[in-house]
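S.K.: Take this sequence and fold it.
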Amino acid sequence: MKENEFEKFVSEVKEGDTWLSVQRDRGWVNRRFVSKVEFVKKTKTQIVVREDGTENRYRISNGYLIGGQWGGMAFPLPSSGKEIEEVRAANRVIKLRRSVRDFVDSHRLDEISEQVLKQVMDLLKGQTGSEGD
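M.R.: Numbers count the residues shown, from 1 in each chain. This next block holds a predicted model:
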């Protein structure tokens, strides 16, 4: 996290402000997702925010999650519109791939024609719908 960017943002943010932030999955999978963050309050030592409905506390001194696990989760700064759209598009492709895989598995399709596979791959490459993160 860029220290100057964090300090500047924290000095300007006000109670009730909201923004979107690209986060990394906290599990073993290194997937990114978009979360809605709401600024709740600031104390002498902590910043309190609500991330997708869950309240989290971060240290003002360094911006890391209080009580966090190894790896020190950093304060969720606002992300650019371009980064948010890239993450959302990537996640739509992941969901589409999962749906295709589940469909194939559930219908026990042993063979799929080369033409159908090409159409599915074309859909995956050009997926630009707007649902989901």
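
S.K.: going forward, measure contacts and count neighbours with C-alpha atoms only.
M.R.: Fine.

S.K.: Let me know the helix or strand that the residue most central in space within the chain is in.
M.R.: Of all residues in the chain, the one closest to the mean position by C-alpha atoms, centre = their mean is Phe33, 1.6 Å from it. Using DSSP states H and E, Phe33 sits in strand 32-42.

S.K.: Which positions in that strand come out as buried?
M.R.: For strand 32-42, a neighbour-count test (16 or more other C-alpha atoms under 10 Å) marks 32-35, 37-40, 42 as buried.

S.K.: before we move on, the earlier item: which ones are touching the residue nearest to the centre of the chain?
M.R.: Going by C-alpha atoms under 8 Å, 6 or more residues apart in numbering, Phe33 touches 22-25, 87-88, 91, 133.

S.K.: Buried only: go through those residues for me.
M.R.: Buried among those by 16+ other C-alpha under 10 Å: 22-23, 87-88, 91, 133.

S.K.: Go through those and say which is closest to Pro78.
M.R.: Val22 (7.7 Å; C-alpha to C-alpha).
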